[in-house]
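Q: from the sequence below, what's the structure:
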Amino acid sequence: MPQTQQIINTDTQKRIDSYLAEILDIPRNQIQKWIEKGKVCVNGKVVSKNYKLKGEEKISFEPIEFEKPNLKIADCDIKILYEDDFLVVVDKPAGVVVHPGAGSEHKSVVGALLFRGIKLSDIGAPLRPGVVHRIDKDTSGVIVLAKDNNTHFKLANQFALHISKRYYIGICEGHIKDSFGTIKTQIGRHPIKRKQFAVVQGKLAVTHYKVIMRLKDMDIVRFELETGRTHQIRVHMQYLNHPLVGDSVYSKSSKLIQRHALHAFYLGFFHPNSNKFLKFYSKLPKDMIELIG
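A: Below is the predicted model of the structure:
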């Protein structure tokens, strides 16, 4: 029997189904099924899917368990940095997706963990068990996955409330004018190139950056994510006219590296059971070290 979860919302004028779908990274139609079954309450009262939040309300919900999908299960070159009864922290190499998608990916972090007999939460989208947050296929680095639903919700709430800490190292084209700063925009689907994202009307995206070294024609930059939009760092650096080296989607490919130069080197969060703050690091991969020279 799924346990009832609670979230104190910090948003206003957003529909309850959209809000939960966003912070939990679960398709809105799945959230709507919970609501239709009377499993979602705001301040103790059952609400409809189009209920608009007023801010600082207590949202409680009891997830409906769905049939587990038929996932492609195969091992791949991932490194487990930490594992206990509640969660697993993984160091993901570039070229491996976090979870299978509609494409033809045969190897994924999720598939590798299931192959190794590691149980994951079952409340995500059909192909995303355990996935609390994601990094791009060609971004390397550290991520956390949940083993049970209670852990999944608690971790998701930390990401939604910006309690967790995420730092990246990126290598950007040219030299950024300011040595540090914050990029605060909205990000949405590109109006023409639908597989891309852009600084257009969409969801709030906040990226903090600090240049840590200036090379001949590149900057090594540390990024801190306050929000976690798809392609956020890549879009924001294109917006500053200093895209990531090797980013063939938002700039151009490079002979020096076969992917965009971005690495998630640090992840910190409170353990959902012990409440101890955990910190995990991932070493800069060989291709980025060689790019720096």
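
Q: can we go C-alpha only for contacts and neighbour counts from here?
A: OK.

Q: what's the following helix or strand after the host helix or strand of Trp34?
A: Under the criterion of DSSP states H and E, Trp34 resides in helix 28-36. As assigned by DSSP H and E, the chain's next helix or strand after helix 28-36 is strand 40-42.

Q: isn't Gly170 right next to Val221, touching?
A: Yes. Assessed by Cα atoms under 8 Å, Gly170 is found in contact with Val221 at 5.2 Å.

Q: if you count what's nearby, which of those two comes out ahead?
A: Comparing Gly170 with Val221 by other Cα atoms under 10 Å, the one with more neighbours is Gly170, at 25 against 21.

Q: for that one, give me the pLDDT.
A: With respect to pLDDT, Gly170 scores 98.

Q: ditto for Lys195
A: 85.

Q: how about the contacts made by it?
A: Taking Cα atoms under 8 Å, 6 or more residues apart in numbering as the criterion, Lys195 is in contact with Arg189.

Q: isn't there a helix covering it?
A: No. Assigned with DSSP: H, G, I helix; E, B strand; the rest coil, Lys195 falls outside any helix and is coil.

Q: measure it to His231 for me?
A: 11 Å (Cα to Cα, to the nearest Å).

Q: ok, which stretches of the protein are strands?
A: Here the chain has its strands, by DSSP state E, at 5-8, 40-42, 45-46, 58-61, 79-83, 87-92, 140-146, 165-173, 180-189, 197-214, 218-225, 262-270, 277-281.

Q: what's in contact with the second one?
A: In this structure, residues lying in contact with strand 40-42 by Cα under 8 Å, 6+ apart are 34, 46-47, 57-62.

Q: between which two of those residues is the distance greatest?
A: In the contacts of strand 40-42, two members sit farther apart than any others by Cα to Cα. They are Trp34 and Glu57, at 18.3 Å.

Q: re earlier: can you redo the strands of the chain as TSV with distance to Phe115?
A: Shown next, in TSV, are the strands of the chain (distance: least, Cα to Cα, whole Å):
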stretch	distance to Phe115
strand 5-8	29
strand 40-42	34
strand 45-46	40
strand 58-61	31
strand 79-83	13
strand 87-92	14
strand 140-146	15
strand 165-173	27
strand 180-189	34
strand 197-214	33
strand 218-225	31
strand 262-270	24
strand 277-281	23
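
Q: pick the most buried one from the ones you listed.
A: strand 140-146 (a mean of 27; mean count of other Cα atoms under 10 Å).

Q: right, and the strands of the chain - which one's nearest Arg134?
A: Between the strands of the chain, strand 140-146 lies closest to Arg134; by Cα to Cα that is 7.1 Å.

Q: now the closest one and strand 262-270, what's the angle there?
A: Counting by axes from the mean of the first three to the mean of the last three Cα atoms, to 10 degrees, strand 140-146 points 30 degrees away from the direction of strand 262-270.

Q: for strand 140-146, packing partners?
A: The elements that strand 140-146 packs onto, with contact taken as 3 or more Cα pairs under 8 Å, 6 or more residues apart in numbering; DSSP states H and E, are strand 87-92, helix 149-160, strand 262-270.

Q: per-domain residue ranges of the protein.
A: As assigned by automatic domain parsing, the chain contains the domains 5-61, 68-159, 167-263.

Q: comparing those domains by mean pLDDT, which bottoms out?
A: Checking each of these, the one with the poorest mean pLDDT is domain 5-61, at a mean of 81.
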